[in-house]
Each structure stands twice: as structure tokens, then as C-alpha cells.
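> sequence below, structure please.
(6 chains)
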There are 4 protein chains.
Amino acid sequence: MDTVLLKSPPGPRPAAPVGKREQTKVQNRTMILEAARRVFAELGYGATTVRDIIRATPLASGTFYNYFKSKEEVYQALRDEVALKVRPRLRDARRQATSREEFLTSSFRAFFQFVADDRGGGQPAPERFRMDSPEVLAGFAELREDISDAMARGLLPSTDAAALAAALTGVAFELAERIKAGANVEATTRFATALFLGGLEALPKNPEV
Amino acid sequence: MDTVLLKSPPGPRPAAPVGKREQTKVQNRTMILEAARRVFAELGYGATTVRDIIRATPLASGTFYNYFKSKEEVYQALRDEVALKVRPRLRDARRQATSREEFLTSSFRAFFQFVADDRGGGQPAPERFRMDSPEVLAGFAELREDISDAMARGLLPSTDAAALAAALTGVAFELAERIKAGANVEATTRFATALFLGGLEALPKNPEV
Amino acid sequence: MDTVLLKSPPGPRPAAPVGKREQTKVQNRTMILEAARRVFAELGYGATTVRDIIRATPLASGTFYNYFKSKEEVYQALRDEVALKVRPRLRDARRQATSREEFLTSSFRAFFQFVADDRGGGQPAPERFRMDSPEVLAGFAELREDISDAMARGLLPSTDAAALAAALTGVAFELAERIKAGANVEATTRFATALFLGGLEALPKNPEV
Amino acid sequence: MDTVLLKSPPGPRPAAPVGKREQTKVQNRTMILEAARRVFAELGYGATTVRDIIRATPLASGTFYNYFKSKEEVYQALRDEVALKVRPRLRDARRQATSREEFLTSSFRAFFQFVADDRGGGQPAPERFRMDSPEVLAGFAELREDISDAMARGLLPSTDAAALAAALTGVAFELAERIKAGANVEATTRFATALFLGGLEALPKNPEV
DNA sequence: CATGAATGAGACTTCATTCAT
DNA sequence: CATGAATGAAGTCTCATTCAT
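Numbering: from 1, shown residues only, chains lettered A, B, ... in the order given. Got it, this is the predicted structure:
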């Protein structure tokens, strides 16, 4: 019976599946994802409901389930989508780095810039910490990955890798909050870079953390 | 055996009412607070419901409302209670510090030790970031306060105070996660201290973050 | 059979959406309103709960909130609906009256007849007074309005308008209770009319109630 | 065993049971009743809860149940108490009446005065009708009783007794609302009296309502 | 007796999800 | 597919009532 449907338009077959149907489908999916992004940012993952997401959309409640099975699934999709956007930036920053300073600077800059670009949305977050939003989690995951690679490549000293990753992550996260509040990306990048450039020299040689 | 108890305090009678009723009240309040601590840690603040807290308790549903008006109120109470425990330790650490190194070392140690002592609770959080748990927030607030004081006293260089506070906070938090996972308090303290001792030297002189 | 339905209206298509969905919506709304009417009549407004109303219905609990936000809102709707039915009758009675007697007679008759027509509902109210039922309140408001108009038109003597309105209202209401219990509409109308025809003559000329 | 109790005090036997215990008991009972009176007046019988009554009292919740089994029971007690206070006034007014006018005047006056005396309490009733308060019910019951007696004694014409009772009740009730709102008792009494003096003459001789 | 905390039933309301249209 | 009303489970909170103190 699908055949029947496919046959019915006797005109020229579309070159790609970008009929009105497919277009709408993509649009709706995008609408839901963006609505979810806004709502997660405002209420946090735990507190947002599927209803909240639908309400931030012109779509009907039932439509949500044509695209996602649950809140969890939108979350995953959002996470993947964000990771897809951030990964190249960070990977590029990392690959082009030829010195420890450049590695730190470009990594922090890429991350802070991403946060700065993303903060547009809504009113300032009602609660201080919104660590469970997909963007932030994806950003952190990427940062960690970059750090591990850098250690492997010798750009960072061979101290306790996990501890350093944690320290970098923590600094990046906390300063990111300041970025969200309007702090300057470049100055913040310099600050973080200087801190770690100096700190890395002083770290215990044979750490046993 | 009652006789023994009745005899034992030959000194001044305690002023506080310690009838069976008061005892039960204190016990119940504690039960709710500890249940809330566990549930917040597991589900996050946003996702936990009052029912979740009650269910982690042998008490009846209505009993919750004899002690707290809402989830928010337990949260505040938890936050206050934790702050009350951490504040003295950190304050002492700060007051007794006579050098930059000592300031950093004793602050980190006090914080990490507190986290280590406190980590008994539940299973590790299923999601990576749980920044909105009361303990963490309270710890952060205290740490920030200590940092500001130290800057005023000259133990820390006059760089961007807020940015440094954020960096210290971030590192403390992320390393605390490792402490919770079993990392050694002293080694972690050394790591963090060394990182900041070196980093502070390298920080930009006239920061404009 | 669909064919029959599709064929049947050869005239102009009705503008109102009368799909199965809309039909069900109207039916459900009506079910809730009628259930509310019965329950208010039986328990009184104060004592009835939303659950009472739902239970007097085959609908699920959540469905109530698709139609009304609260008990108060059903009450308002009921009130409005009843007022909508009574207003024309009383307005007609008032407009066509050319004498004092006719004004009283037709007003009382219209009101009593409405009560008689409407009394189908439930068992007699278990408590004597149930002034807060929507029908009664709406009827009173209408009666008052009519009285004011009549005074303005000279059909009623210029005594204390509000007091007379109250008296007419009170008599109408109490006799309406008798109507509900089966009293004859015409005889009751004659009784009330005679009472006020005589009474109006005797009222104080310059009232200062 | 009662004997034992009576014997126990070897001193002079108290003339009446007005020990401290009995005094407190009477006071508490009175407090509950007056609180209930206020709350019923404000919220209506149906909407008030036992909690509401206790809260309007300095007593503990459990204490309520030492005096009354339920809201219903307080209501009955209040009703009885009020009836006990009103009956003498109305009975006196009725007994001393020697003419139709005097009967009507003194009855209305007594009722309106009672309502006026009683209205002190709280803020104006949030809803228009509060017919289910014990005072109003008791007042109406008494009024009806008086009317029946008056008919029996020939002070009122032999028309449909029940219909007249209803009319008098309705007028008394509606005007009582005006009294509560501050209307003058004497003027209102004159108004109601005049209305019925004139109206009674005009009533159908052989009513068949 | 007075007290007031505990209890669990039940009221109000929102939610995720389904399904007829 | 989109729609949005229906559903009933579940959450929030209040209530009447009991009972240990």
C-alpha cells in the first residue's frame, strides 16, 4: 500500500527526499530540540517535563511522540547534536596546537566561546547551577577527551592525568559560569591559561593522587 | 537501668527538654533530612519529589509536612546544616594560615577531608554532574567566602578575585568528586596546592577578566 | 450508512464544527455541568469537592481539568448558563407588563414556572437552606434587575427600591421552595401577587430604610 | 465509684461543681463554640473544617474531641444554644402582641435586632449567602413557630399558612441581609410590617396554593 | 484532661501517554 | 502524520482522628 502512495504523484520524482512532508518533519524535530534546549537550560533536566517542552512549541502534545519516545530521548539527541557541533572546534584547536600554551589557550577559548555563543536564549538561569544540560555535559566530555590526547602527545606534563583533567574541567566550568554572566572570553581565556601554565610547572613530579 | 541514668548527671540539669516527644521529633527531623540528602544525591534536586523523600523514610506522608513545608524547605535546611558543619573547619584553616602555601593547603585539606568524612551516603550518582546538591553548594559558598578574606589579608595576590575564587572552587569541586570516589585526601591536597602555588605566580598582574 | 449521513443535508452546510470530537467535547462539558448542578444541590457549594463532581460522572478525574480549572469555575459556568436561560423569560415578562398587577403576576409566574420546569434533578436538599446554588443566585440577580427597571418605569411605587427588591426576592425564593416541593405555579403566583399588590399600597411614602 | 470521688475532699463541700477543672471545661467548650460560630459565619458550614475551628482557638487539636465528636456536633450545639437565646425574645414579643400590627412589628424587630446584635464578628462575608449558619437557621425556625402560633390565635388571617410563613420568612431573611450590611433596624421593621399589613388584607380568601 | 505529632485517607492537580479523528 | 482530549497514575498537600506523653 506504500507503493500506492508513492505512485500517486504522476509528476517528476523528487531528486532527494525533501518533499513538503520531509521538510516539515525536519522542522518539527528541530522545533522540539530547540524548545527542549531552552527548557532544560531554564528548569534543569530533572525538573523539566515533556509537557514543558511541548508547551514551548506550537506543536500538539501527541506530535512529540512521533519524534521522541521520552524526555530522555530528546536529551540524548540534544547531547549528540551538541557534541557534533563542538567536537570539530575543539579537535581543531587541539590539533593545531604546537605548544603547551597554545593548547591551553585554544582549548579554553573554544570552550568559552561556545558557552558565550550559546548563552543567548532566555532569562538568567533561576538557579545557580545547571550542570545537567546537554550542552554543558557534552562540552565537558569533549574537554576531557582533548586533555587525555594532549597528555598522550606530551603537550602536558605527565602528572596525574585524571586529577589534571578534573582541575581543568573544574576551572573551565566555573569560569564558564562567569562567561554566561557576561565576562570577556579573551580575558577569561588568558586567566585560565596563565593559571595552568604556571601551575603545571609546580605540580608534583610523581603524583600518587 | 533507669536508676543509673537518673543518677549519672550530678551536675546542673540540662535546660533542653528531652522528653520522649522531643526525642522523637528530633529523630524524625533527622530521618527526613538524611533521606532527603540521599535522594537529592541520587536523583538531583529537580527530579526528586517529596514523595521520594518520604518513601526513603519509615514515616507517613503527612508527617513530612509537620517538619517542612516543601521540598525547597528541606533543601534549605540541609544546606544550612551542612554549612554549619563546614564553616568552622574552613574558618579555622583560614585563620591559622600564615603563608600562601599554608592557606591553600589547609583550605583544600579541610574541604577534602570534610567531603571524605561525609561521603558515606548512597551509591555514586548515576549522572555525572550533580552540582545542585546542598552540600556542594554550601561548600562552594564557604570556600568563596574564605577566598575573599584571604585576598583582603594579602595571602593571595591581587588578581581578579572573583575569577580566582571560581577557579579554586572549580578545582575543589572536581577533585572532591575524586575524593568521593576514594582518592587520597593528602595527595589531592598537595596536587591542588601545587597547582595554585605555581599558577598564582603566573597570573596576569592587572587582570581585566 | 455514512452515505446516508453525507447525503442528508442538501441545504447550506452548518458553520459550526460538528465532528465527532466536537460532539464529545460538548457532551462531556454538559455531563460535568449537570453533575455539578446535582452535587451542588445535594451538598451545597461549600461542601462539594471536585471529586464529588467527577464521581457523579463516568469521566476520569483528569478530564475535569480539560474543561474547568476549579470548582469555582464550574460554578460560574453553571451560573452563567442558568442566567442565560432565565433572563429572556423575565425580561419578556417585564417588557410586556402594562400595569403593576401584570408586572408582578408575570414576573412571579415566569420565575416560578422556571423553577417548576427545572426541578427535575435530585432528591430534596437534605438541609433546609441552599441559597448558594447557582440557579438561585442567578434567578435572584435577574429578579433584582427587573425590579429596578420597573421602578424606573413607574410600575412600582417609589419606595425604598433595594428593600422592595429584597422583599420580592425573599418571597420569590421561599415560595420557589414550595414550588419545588410540588406547589401549584398559578396559585402561588396569585398569592405572591396579591400580597405585594396590597403591601405596596401600604408602604411608607418616604422610606428611610 | 462516684461515691468515692464525692467523698474524697474531706474539707467543706463546694456548693456547686465550680472547681478549677469544671471552670476550665466550661471555658474551653465556650471557646470552641464561639470559634465555630465565627468560622461558620465566615466560611459557611459546608466549607469549614474542624481544623479551621481549632485554629480559631488557642486549644490543641486533640482537645476538640474532648468536647465534640465532629463538626456536625458543634453545629448542633451552636444551634441549640442560639435557639435558647432567641426563643424567649420572640416568645415575649409574640405573647405581648394584641394586634396584627403589633405582632408583625415586634416579631420583625426582635429578629432584626438579633441579627444586628450578632453581626459584630469579622469581615463582611466573602460570599453573599450564608443561610446555613446556626443563628440564621434558629432565627427562621423561631419565626415560623411564631407565625403558626399567631395564625392559631387569629392575629393573622386564615390564608395559606405555609405560604404566608414562607413569605414572611423570605422577607425576614432578605431584609436581615440588609441589616447585616448596616441597615437601620427600626426602619426595616416598619417597612416589613407595612408590607405585610397591606398585603394580608389583599390575600386570596380561600387559598389553594 | 490538654497536648500536638503521627497517621493515612483523600482532595486537588499535573503528568506521560494513547488513540480516535 | 498532526491533533488534542481522555485517561489514570502519581505528586502535592490537608484533613479528621488517634494516642503517647
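> check whether stretch A:42-58 comes near DNA strand E.
Yes. Residues of stretch A:42-58 are located near DNA strand E by Cβ under 7 Å from any atom of the strand, namely A:Thr49, A:Val50, A:Arg51, A:Asp52. Quick note: C-beta positions are derived from backbone N, CA and C, even for glycine.
> where does A:Gln23 sit, in terms of helix or strand?
Secondary structure assignment for A:Gln23, by DSSP states H and E: helix A:20-43.
> would JSON lines of the residues of stretch A:42-58 next to DNA strand E with pLDDT, distance to D:Met151 and secondary structure be doable?
Shown next, in JSON lines, are the residues of stretch A:42-58 next to DNA strand E (pLDDT from 0 to 100; distance: Cβ to Cβ, whole Å; DSSP: H, G, I helix; E, B strand; the rest coil):
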{"residue": "A:Thr49", "pLDDT": "95", "distance to D:Met151": "67", "secondary structure": "coil"}
{"residue": "A:Val50", "pLDDT": "96", "distance to D:Met151": "70", "secondary structure": "helix"}
{"residue": "A:Arg51", "pLDDT": "96", "distance to D:Met151": "65", "secondary structure": "helix"}
{"residue": "A:Asp52", "pLDDT": "96", "distance to D:Met151": "69", "secondary structure": "helix"}
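> can you tell me which of these are up against chain D?
When Cβ under 8 Å from any Cβ of the partner chain is applied, no member of these is adjacent to chain D.
> show me which of these are buried.
Buried members of the residues of stretch A:42-58 next to DNA strand E, scored by 16 or more other Cβ atoms under 10 Å in any protein chain shown, are A:Val50, A:Asp52.
> ok, so of the residues of stretch A:42-58 next to DNA strand E, who is nearest chain C?
Among those, A:Arg51 lies closest to chain C (Cβ to the nearest Cβ), at 12.6 Å.
> so how far is C:Glu101 from the one residue in chain A that gets nearest to DNA strand F?
Here chain A gets closest to DNA strand F at one residue, A:Gly62, 1.6 Å apart by Cβ to the nearest atom of the strand. Relative to C:Glu101, A:Gly62 is positioned 63 Å away (criterion: Cβ to Cβ, to the nearest Å).
> which one's more surrounded, these two?
Taking A:Gly62 and C:Glu101 together and counting by other Cβ atoms under 10 Å in any protein chain shown, C:Glu101 has the greater number of neighbours (14 against 8).
> so what's that one up against?
Applying Cβ atoms under 8 Å, 6 or more residues apart in numbering or on different chains, we find C:Glu101 in contact with C:Thr193, C:Leu197.
> again, but for A:Glu81
Counting by Cβ under 8 Å, 6+ apart, A:Glu81 touches A:Leu33.
> distance-wise, check it relative to chain B.
19 Å (Cβ to the nearest Cβ, to the nearest Å).
> what helix or strand does that residue sit in?
Short version: A:Glu81 belongs to helix A:71-96, going by DSSP H and E.
> ok, that helix near DNA strand F or not?
No. Helix A:71-96 stays clear of DNA strand F (Cβ under 7 Å from any atom of the strand), getting no nearer than 14.4 Å.
> coming back round to it: does the host helix or strand of the residue of chain A closest to DNA strand F reach DNA strand E?
According to DSSP H and E, A:Gly62 maps onto helix A:61-67. Yes. Contact of helix A:61-67 with DNA strand E (Cβ under 7 Å from any atom of the strand) involves A:Ser61, A:Gly62, A:Phe64, A:Tyr65.
> OK, contacts around the residue positioned nearest the centre of chain A?
Chain A has A:Glu135 as the residue nearest its centroid, 3.0 Å off, counting by Cα atoms, centre = their mean. With contact set as Cβ under 8 Å, 6+ apart, A:Glu135 has these partners: A:Arg37, A:Ala41, A:Leu78, A:Val82, A:Phe114, A:Asp118.
> quick check: the residue of chain A nearest chain C.
A:Ser61 (12.0 Å).
> helices or strands up against the helix holding A:Gln23?
Applying 3 or more Cβ pairs under 8 Å, 6 or more residues apart in numbering or on different chains; DSSP states H and E, we find helix A:20-43 packed against helix A:50-55, helix A:61-67, helix A:71-96, helix A:134-153.
> is the first one anywhere near chain C?
No. Looking at helix A:50-55 against chain C by Cβ under 8 Å from any Cβ, there are no contacts, and the closest approach is 12.6 Å.
> with just CA atoms, put that helix into PDB.
This file holds the C-alpha atoms of helix A:50-55, laid out as PDB (Å, rounded to 0.1, in the frame of the first residue of the first chain):
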ATOM      1  CA  VAL A  50       7.600  16.600  28.400                       C
ATOM      2  CA  ARG A  51       4.700  19.000  28.700                       C
ATOM      3  CA  ASP A  52       7.100  21.800  29.400                       C
ATOM      4  CA  ILE A  53       8.800  21.000  26.100                       C
ATOM      5  CA  ILE A  54       5.600  20.700  24.100                       C
ATOM      6  CA  ARG A  55       4.400  24.000  25.600                       C
END
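> name the surrounding residues that touch it.
A:Ile32, A:Ala35, A:Ala36, A:Val39, A:Leu43, A:Ala60, A:Ser61, A:Thr63, A:Phe64, A:Ser70, A:Lys71, A:Val74.
> who wins on neighbours among the residues of helix A:61-67 next to DNA strand E?
Compared across these, A:Phe64 has the highest neighbour count, 22 neighbours, by other Cβ under 10 Å.
> make sure that one is actually in contact with A:Ile32.
Yes. Between A:Phe64 and A:Ile32 there is a contact at 6.4 Å, judged by Cβ atoms under 8 Å.
> in which helix or strand would I find the nearest residue to A:Ala176 once chain neighbours are set aside?
Closest residue in space to A:Ala176, ignoring its immediate chain neighbours: A:Val115 at 4.6 Å, by Cβ to Cβ, 6 or more residues apart in numbering or on different chains. Remark: A:Val115 resides in helix A:100-118, with elements defined by DSSP H and E.
> returning to that earlier point: which among the contacts of helix A:50-55 end up buried?
Buried, going by 16+ other Cβ under 10 Å: A:Ile32, A:Ala35, A:Ala36, A:Val39, A:Leu43, A:Phe64, A:Lys71, A:Val74, out of these.
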